[in-house]
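Student: coords below, sequence missing:
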């Protein structure tokens with residue numbers, strides 16, 4: 001299966017300012033890229049990449065005053081298989097976890113384990129450990145929160161989402177991550193592309209998606225509290241403790257978001273052009289910084 005994906009983001013800057021994008025396809029999927037453009041900017045400015053502490057590829061720009069646009073388009077090969085399922089995957093005792101995983105047990109900016117520990121043990125302490133417990137957490141979050149783009153708020157934490165019972169995909173991920181960590185299950189935040197492949201088309205405009213991964217039996221597995229189903233065609237961009245680590249754009253100055261487009265779809269279904277729905281959405285610039 002070939003997946004066409006990309007983005008176009010436009011901002012208006014009051015003065016020249018540094019910008020860092022965290023929008024490169026993750027390292028384990030780069031070999032699947034069949035064709036891609038360079039990361040194009042308008043106006044054209046020098047840029048370079050570096051790898052952050054989580055292994056994500058970041059790109060640095062110096063955006064000029066006025067309008068600044070970033071564009072990327074690619075064709076990626078995908079197996080067409082849904083997210084891996086392993087109901088026998090077991091939790092690992094904390095003392096047996098690899099050193100590099102320990103940090104994903106700790107609270108973070110949006111995942112306050114200290115506020116949710118009692119709730120987590122009350123809700124999931126009786127559930128069999130391992131895959132079954134993570135799935136129970138996923139279903140709990142899926143059922144507790146109502147999704148809506150109008151609910152987006154850049155400062156909402158996992159505990160606040162639990163209390164307010166609303167959110168966007170990042171809130172679903174944050175709450176599930178926090179509950180997993182409370183149960184001593186390492187969990188990390190992921191954002192990336194997820195098109196309507198193998199499911200009925202969603203008339204809402206496309207966006208980057210957020211989901212989470214848990215460490216069971218010595219490897220990371222994908223879970224998605226927002227959709228609560230195994231999906232086809234995920235292409236991860238970046239991973240971190242929570243959304244703080246992987247903003248789509250991080251700017252060091254005031255800017256206004258003036259355009260935001262994301263596309264991701266099966267190429268064979270739309271060989272010439274993207275599907276008519278879901279490729280243009282402008283929203284609160286706070287969600288990008």
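Tutor: That came in fine, so what should we check first? Since this is a predicted model, take the numbers as computed values, not measurements. Numbering: from 1, shown residues only.
Student: what sits up against the helix or strand containing residue 69?
Tutor: Using DSSP states H and E, residue 69 sits within strand 66-77. Contact partners of strand 66-77, identified using CB atoms under 8 Å, 6 or more residues apart in numbering, comprise 1-13, 19, 21, 23, 25, 29, 32-37, 39-43, 45, 61, 235, 258-259, 267. Any C-beta I mention is one placed from the backbone N, CA and C, and that applies to glycine too.
Student: among those, which are in strands?
Tutor: 2-13, 19, 21, 33-36, 40-42, 61, 235, 258-259 (DSSP state E).
Student: Quick one, which of those residues are buried?
Tutor: Buried members of the ones in strands among the contacts of strand 66-77, counted by 16 or more other CB atoms under 10 Å: 3-13, 19, 21, 41, 61, 235.
Student: doesn't residue 218 make contact with residue 89?
Tutor: No. Look at residue 89 against residue 218 with CB atoms under 8 Å: they stay out of range, at 9.1 Å.
Student: Those two: which has the busier surroundings?
Tutor: Neighbour tally, residue 89 and residue 218, criterion other CB atoms under 10 Å: the higher count belongs to residue 89, 19 against 12.
Student: what's the nearest residue to the residue nearest the centre of the chain if we skip its chain neighbours?
Tutor: The C-alpha lying nearest the average C-alpha coordinate of the chain belongs to residue 191 (CA atoms, centre = their mean; 1.5 Å). Closest residue in space to residue 191, ignoring its immediate chain neighbours: residue 210 at 4.8 Å, by CB to CB, 6 or more residues apart in numbering.
Student: what's the distance between the one you found and residue 80?
Tutor: 22 Å (CB to CB, to the nearest Å).
Student: These two - which one has more neighbours?
Tutor: Legend: neighbour count by other CB under 10 Å for residue 210 and residue 80, higher for residue 210 (23 against 13).
Student: Distance check, the more buried one against residue 96.
Tutor: In this view, residue 210 and residue 96 are 29 Å apart by CB to CB.
Student: before we move on, what about residue 172?
Tutor: Counting by CB to CB, the gap from residue 172 to residue 96 is 29 Å.
Student: the more surrounded of the two?
Tutor: Taking neighbours as other CB under 10 Å, residue 172 and residue 96 compare with residue 172 leading, 26 against 8.
Student: Quick check on the more buried one: phi, psi?
Tutor: phi -60, psi -50 (degrees, to the nearest 10).
Student: Considering the buried ones among the ones in strands among the contacts of strand 66-77, which is situated nearest to residue 104?
Tutor: residue 235 (21.5 Å; CB to CB).
Student: is the closest one in a bridge, and if so with what?
Tutor: residue 193 (DSSP bridges).
Student: still on that earlier bit, element containing the residue nearest to residue 191?
Tutor: Applying DSSP H and E, one finds residue 210 within strand 209-216.
Student: Can you name the element that comes right after that strand?
Tutor: Following strand 209-216 in sequence order, the next helix or strand is strand 219-223 (DSSP H and E).
Student: Run me through the strand neighbours of that following strand, direction for each.
Tutor: Strand partners for strand 219-223, identified by DSSP bridges, are recorded as strand 209-216 (antiparallel).
Student: Could you list the buried residues of the partner strand?
Tutor: 209, 210, 211, 212, 213, 214, 215, 216.
Student: What separation do you get for the first one and residue 5?
Tutor: Per CB to CB, residue 209 is found 12 Å from residue 5.
Student: Residue 15: what's it in contact with?
Tutor: Residue 15 makes contacts with 65, 253, 254, as judged by CB under 8 Å, 6+ apart.
Student: tell me, how many neighbours does the second one end up with?
Tutor: Other residues near residue 253 come to 14 when the count uses other CB under 10 Å.
Student: Contact partners for the closest residue to residue 258 other than its chain neighbours?
Tutor: Among residues not flanking residue 258 along the chain, residue 10 sits closest, at 4.7 Å (CB to CB, 6+ apart). Listed by CB under 8 Å, 6+ apart, the contact set of residue 10 reads 67, 68, 69, 70, 257, 258, 259, 260.
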